[in-house]
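Trainee: Give me a 3D structure for the following:
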Amino acid sequence: MISNITCSGGGPLIALPSEIAADWRGTLPPIGANIPDGWRWGDSPYIECDYDRACGNIEKIGRFGYDYFGVLGVNNSRAFVFTCEQVISFKENENGGMLIGNFHEYDKLDQFLATVDDNSWTLYPDICELKEGKLYIYDSAFEGYANAEEIRAYDHVVVGNPGPGKYNVYHQNTNDKVGLLKFVRI
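Mentor: Residues are numbered from 1 along each chain as shown. Predicted structure coming up:
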């Protein structure tokens, strides 16, 4: 189900460009892997599913909410991973959009964003390309699909739609532990 807000069932959340969402396997085993009888995610250090990778093998970039965010390779692209269970939403704007974590008063989001310190942003060094212009944000334990409506995530799927293009990504964690990722079209 598509929503403006999502949360996980206890593990990391992900934000994937829509063009690679179908490559995300969640807790399913990797395609083509030799899977022993009784295999289950988290049981084997030799066969990692995408959810296992999101739980432990991300390149940490910075604070986000009350924990961290980082990136993880998916196909020939990258997903943003948010390492703890927290509420996340996405708000589009004329330059791209902003992913917001650990903010619980969605009806007051605009007032909150007007108070964000413009001098506290840190540039993420890699450019984010969104060929289809969309980010799917949801519980990383679930399998992805090209169509966000088919994703059966724990607590909804947020579809951020900043538009096709290349983006600089800036991050900030406010004093009250609200995590922000700003996507600015290049």
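
Trainee: Can you tell me the SS state at the residue sitting furthest away from the middle of the chain?
Mentor: The C-alpha centroid of the chain is most remote from residue 37, which lies 31.6 Å away (Cα atoms, centre = their mean). Secondary structure for residue 37, judged by DSSP: H, G, I helix; E, B strand; the rest coil, is coil.

Trainee: per-residue confidence for it?
Mentor: At residue 37, the pLDDT value in this model is 77.

Trainee: Low-confidence stretches in this structure?
Mentor: Low-confidence segments of the chain, defined by pLDDT under 70: 1-2, 44-45.

Trainee: rerun at 90
Mentor: Along the chain, segments meeting pLDDT under 90 span 1-11, 28-49, 56-60, 65-67, 75-76, 83-86, 104-107, 117-118, 152-156, 175-176.

Trainee: which residues of it fall in helices?
Mentor: Here the chain has its helices, by DSSP state H, at 50-56, 109-114.

Trainee: Spit out the contact partners of residue 103.
Mentor: Taking Cβ atoms under 8 Å, 6 or more residues apart in numbering, we find residue 103 in contact with 87, 89, 109, 112, 178. The way it works is simple: take the backbone N, C-alpha and C, and place the C-beta from them, glycine included.

Trainee: now do 7 Å
Mentor: Residues counted as contacts of residue 103 (Cβ atoms under 7 Å, 6 or more residues apart in numbering) are 87, 109, 112, 178.

Trainee: Find the nearest non-adjacent residue to the third one, please.
Mentor: I take that to be residue 112. Nearest residue to residue 112, sequence neighbours excluded (Cβ to Cβ, 6 or more residues apart in numbering): residue 103, at 6.5 Å.

Trainee: any idea how far that neighbour is from residue 172?
Mentor: Residue 103 sits 13 Å away from residue 172, going by Cβ to Cβ, to the nearest Å.

Trainee: For the protein, which segments count as strands?
Mentor: 2-3, 5-6, 13-17, 59-64, 67-74, 77-82, 88-93, 96-101, 122-130, 135-139, 157-160, 165-173, 179-185 (DSSP state E).

Trainee: how about these in CSV, adding mean neighbour count and distance to residue 116?
Mentor: Output for these, formatted as CSV (neighbours: other Cβ atoms under 10 Å; distance: least, Cβ to Cβ, whole Å):
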stretch, mean neighbour count, distance to residue 116
strand 2-3, 14, 23
strand 5-6, 20, 19
strand 13-17, 26, 19
strand 59-64, 17, 14
strand 67-74, 19, 17
strand 77-82, 24, 18
strand 88-93, 18, 12
strand 96-101, 23, 9
strand 122-130, 15, 13
strand 135-139, 27, 19
strand 157-160, 22, 18
strand 165-173, 18, 7
strand 179-185, 22, 7
